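Chemist: no sequence for this one, just the structure:
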């Protein structure tokens with residue numbers, strides 16, 4: 001027998017009308033009629049309820065109806081296929097939302113960092129000078145009058161923050177350097193608030209030192225300098241270096257504050 005014939009047979013054995021069986025299963029009598037006449041089939045959960053209500057096993061209910069078994073098999077496979085695609089689509093949606101949020105965060109952060117440079121007191125507009133690469137801001141800083149150091153001007157070149165790489169969240173400005181004058185061939189690059197690099201192209205000297213003017217490493221025309229040579233160089237330029245740190249380091253820390 002087909003599943004429709006089996007449902008009708010066992011319903012009649014229990015002396016149930018289509019309406020009474022429908023009430024047991026919480027469906028209409030038209031649904032029962034449709035199953036028994038095989039216009040439609042009950043779904044998997046309803047088949048289990050039918051088995052319990054009509055007091056017959058699933059094997060008895062489905063055994064001879066191969067078309068119904070094939071439909072159940074197809075339904076299960078379609079369900080698994082849908083679940084796999086559902087997971088894939090949800091994963092892609094989450095990734096897309098995360099990427100969008102990351103982009104928006106980066107754009108807001110970049111604009112915030114750039115505005116700190118653009119609105120810093122005393123900073124002039126972007127300059128293009130043959131002594132400096134394009135897209136630098138320029139600031140002249142002097143030691144305060146109450147300083148023990150004699151008043152000295154330092155020219156600070158700060159790279160435009162809009163030049164940071166896409167989705168690059170580093171808090172450091174790409175380039176912050178100090179020149180005694182725009183025509184000078186020497187500069188001091190700020191690597192952090194406690195590490196600096198003195199570069200003199202004319203003399204071929206590069207020395208890294210900390211905020212206490214302790215030498216870290218140094219080269220003279222590509223050759224490593226000894227600790228004595230680095231110490232002697234720093235001692236010779238101590239006054240200028242101390243004056244520079246006193247005047248410029250507070251500006252650097254202020255710009256790098258989040």
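Modeler: Okay, I see it. As the structure is a computational prediction, the values presented were derived from the model and not from experiment. Numbering: from 1, shown residues only.
Chemist: The host helix or strand of residue 208 - which strands sit beside it in the sheet, and in what orientation?
Modeler: Element membership of residue 208, judged by DSSP states H and E, is strand 205-209. Counting by DSSP bridges, the strands paired with strand 205-209 are strand 195-200 (antiparallel), strand 215-220 (antiparallel).
Chemist: quick check: mean pLDDT across it?
Modeler: Averaging pLDDT along strand 205-209 yields 93.
Chemist: now what about that strand, what contacts it?
Modeler: Residues outside strand 205-209 that contact it (Cβ atoms under 8 Å, 6 or more residues apart in numbering): 191, 195-200, 215-221, 225, 230, 233-234, 241. Any C-beta I mention is one placed from the backbone N, CA and C, and that applies to glycine too.
Chemist: Narrow the residues you listed to just the buried residues.
Modeler: Buried members of these, scored by 16 or more other Cβ atoms under 10 Å, are 196-200, 215, 218, 220, 225, 230, 233-234, 241.
Chemist: Any idea which of those the model trusts least?
Modeler: Note: of the buried ones among the contacts of strand 205-209, the lowest pLDDT belongs to residue 200, at 85.
Chemist: mind checking pLDDT for the closest residue to it other than its chain neighbours?
Modeler: Setting aside the residues directly before and after it, residue 200 is nearest to residue 186 in space (Cβ to Cβ, 6 or more residues apart in numbering), at 4.3 Å. For residue 186, the pLDDT comes out at 79.
Chemist: right, and residue 186 touches residue 199 too?
Modeler: Yes: with contact defined as Cβ atoms under 8 Å, residue 186 reaches residue 199; the gap is 6.7 Å.
Chemist: where do the strands sit along the stretch 1-150 of the chain?
Modeler: Listed in chain order, the strands of the stretch 1-150 of the chain (DSSP state E, counting those that start in this stretch) span 124-127, 136-142.
Chemist: Could you name the helices and strands sitting against the longest one?
Modeler: What it means is strand 136-142. Applying 3 or more Cβ pairs under 8 Å, 6 or more residues apart in numbering; DSSP states H and E, one finds that strand 136-142 contacts strand 124-127, strand 153-159, helix 238-256.
Chemist: To residue 112, which of those lies closest?
Modeler: Closest approach to residue 112 among those (Cβ to Cβ): helix 238-256, 12.1 Å.
Chemist: Just want the angle from the closest one to strand 136-142.
Modeler: Between the axes of helix 238-256 and strand 136-142, defined by axes from the mean of the first three to the mean of the last three Cα atoms, to 10 degrees, the angle is 130 degrees.
Chemist: Buried ones in helix 238-256, by neighbour count?
Modeler: Of the residues in helix 238-256, 241, 243-249, 251-252, 255-256 count as buried by neighbour count, 16+ other Cβ under 10 Å.
Chemist: Kindly report the same for stretch 4-13.
Modeler: 4, 6-8, 10-11.
Chemist: Then stretch 91-100?
Modeler: Buried residues in stretch 91-100 (16+ other Cβ under 10 Å): none.
Chemist: Residue 54: how many residues sit nearby?
Modeler: A count of neighbours around residue 54, defined by other Cβ atoms under 10 Å, yields 20.
Chemist: can you pull out the helices in the stretch 51-200 of the chain?
Modeler: Using DSSP state H, counting those that start in this stretch, the helices of the stretch 51-200 of the chain run over residues 58-62, 66-118.
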